[in-house]
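**Q** attaching a predicted model along with its sequence, questions to come.
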Amino acid sequence: MLDRSGFWPAPSTPDARLVGDSLDVRLLPPLPQVMVSGDLTGFLARHDLSPAVGLLAPVTQPRYALRLARNRMLAVGVAQDHAASGWAEGVATTPMTGALAVLQISGQRRMDLFARASAIDPKAGSPSAALNFAGVTAALCQDDEGLRLHVDRSLVSYLFDWITATGMAV
């Protein structure tokens, strides 16, 4: 099979960062993440996690859960071996640590960036943390530093280019 690894290059350094006037966007080191479908309440209890939260809801690090759909969530800070994934105890799990990157968006203009990237009213809220952010599907929550955007790792370079093109982080 043809090697396409260079087709969607990630930022050249694991600590990629964009800093602008009152805006700071940085790629966090890989965080353990697991996609969970099925009995979410049971999974949360077994892993001692708080209930899964929706869009722009506050989370407490290092472990939290983001609701993505009625029966699907992303558990962050929960590590799982690929061999242990699959269907067990009423849930299907898939390790997502390598598949999803997390961007930390902080600074006074973080909500200006959100407004430019999404048509969602930030005051309306949503039980799902999933959204279309700058044309890509992602999940978004808030922590003590600002916004946390969970996105497909292959799209990090695109998002950095998109944010740079806004002129907000130059």
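**A** Alright, I've got the coordinates.

**Q** what's the longest helix seen in the chain packed up against?
**A** Counting residues, the longest helix found in the chain (DSSP state H) is helix 156-166. Under the contact definition 3 or more Cβ pairs under 8 Å, 6 or more residues apart in numbering; DSSP states H and E, helix 156-166 sits against strand 17-20, strand 23-27, strand 100-106, helix 110-117. To be clear about C-beta, it is placed using only N, CA and C from the backbone, and glycine gets the same treatment.

**Q** tell me which of these sits nearest to His47.
**A** Nearest to His47 among the helices and strands packed on helix 156-166 is strand 100-106 (17.7 Å), distances taken as Cβ to Cβ.

**Q** now that closest one: mean pLDDT?
**A** Taken as a whole, strand 100-106 has an average pLDDT of 97.

**Q** for stretch 145-159, buried residues please.
**A** 146-153, 155-156, 159 (16 or more other Cβ atoms under 10 Å).

**Q** adding mean neighbour count and distance to Ala57, write the helices and strands packed on helix 156-166 out as a markdown table.
**A** Output for these, formatted as a markdown table (neighbours: other Cβ atoms under 10 Å; distance: least, Cβ to Cβ, whole Å):
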| stretch | mean neighbour count | distance to Ala57 |
| --- | --- | --- |
| strand 17-20 | 16 | 25 |
| strand 23-27 | 20 | 20 |
| strand 100-106 | 21 | 15 |
| helix 110-117 | 18 | 14 |
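
**Q** looking at the ones you listed, which is closest to Gly54?
**A** Comparing these by their distance to Gly54 (Cβ to Cβ), the top pick is helix 110-117, with 14.8 Å.

**Q** now do the closest one: everything it contacts.
**A** With contact meaning Cβ atoms under 8 Å, 6 or more residues apart in numbering, helix 110-117 is reached by 23, 25, 105, 122, 133-134, 140, 146-147, 162-163, 166, 168.

**Q** now for these, which pair is the farthest apart?
**A** Distance extremes for the contacts of helix 110-117: the farthest pair is Pro122 and Trp162 at 18.9 Å, using Cβ to Cβ.

**Q** so these two - more neighbours on which side?
**A** Of the pair Pro122 and Trp162, Trp162 is the one with more neighbours under other Cβ atoms under 10 Å, namely 17 against 13.
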